[in-house]
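Novice: Predicted model follows, preceded by the sequence.
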Amino acid sequence: MRAGKLRHRVVIESRTEASDGRGGRLPTTWSEHAKTYAAIEPMESTEELSQQGKATVGDYRIRTRYVVGVLASMRVRRISDDRKFEVLGVMNREERNREIWLECREDRRG
């Protein structure tokens, strides 16, 4: 993987859910799993109408050097503009522990 293609600084985050001690749930928080450089490649984009308004939903492939423990329940946050991408799938490219491809979705409400 060529370093020049990895031009976006990103944080891979894991979801943290906690109880309030009385049987209720506190709001979901995200904690840093890893910070790395990545290539963010758009794959497909659609617009949807809902009661909340118009939403643009985009599918992306995010490529980065291998990071241990990345799961489909995580998200990727681009540091420069705080865009968030939900990780739908993780692929260890060529099973060599050198590069991972993350299939992601971004939901932008506007």
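Specialist: Arrived safely. Residues are numbered from 1 along each chain as shown.

Novice: So what does the residue lying farthest from the centre of the chain have for phi and psi?
Specialist: Centroid-distance maximum for the chain: R22 at 31.5 Å, with Cα atoms, centre = their mean. Per-residue torsions, R22: phi -120, psi 20 (degrees, to the nearest 10).

Novice: mind listing what it touches?
Specialist: R22 makes no contacts at all, as judged by Cβ atoms under 8 Å, 6 or more residues apart in numbering. (Glycine included, C-beta is placed from N, CA and C.)

Novice: Spatially central residue in the chain, please.
Specialist: Short answer for the chain (Cα atoms, centre = their mean): V76, at 2.7 Å.

Novice: Leaving out sequence neighbours, find the closest residue to that one.
Specialist: Nearest residue to V76, sequence neighbours excluded (Cβ to Cβ, 6 or more residues apart in numbering): F85, at 4.5 Å.

Novice: right, and the one you found touches R108 too?
Specialist: No: contact criterion Cβ atoms under 8 Å: F85 and R108 do not qualify, at 10.7 Å.

Novice: Looking only at neighbour counts, state which of the two leads.
Specialist: F85 (24 against 13; other Cβ atoms under 10 Å).
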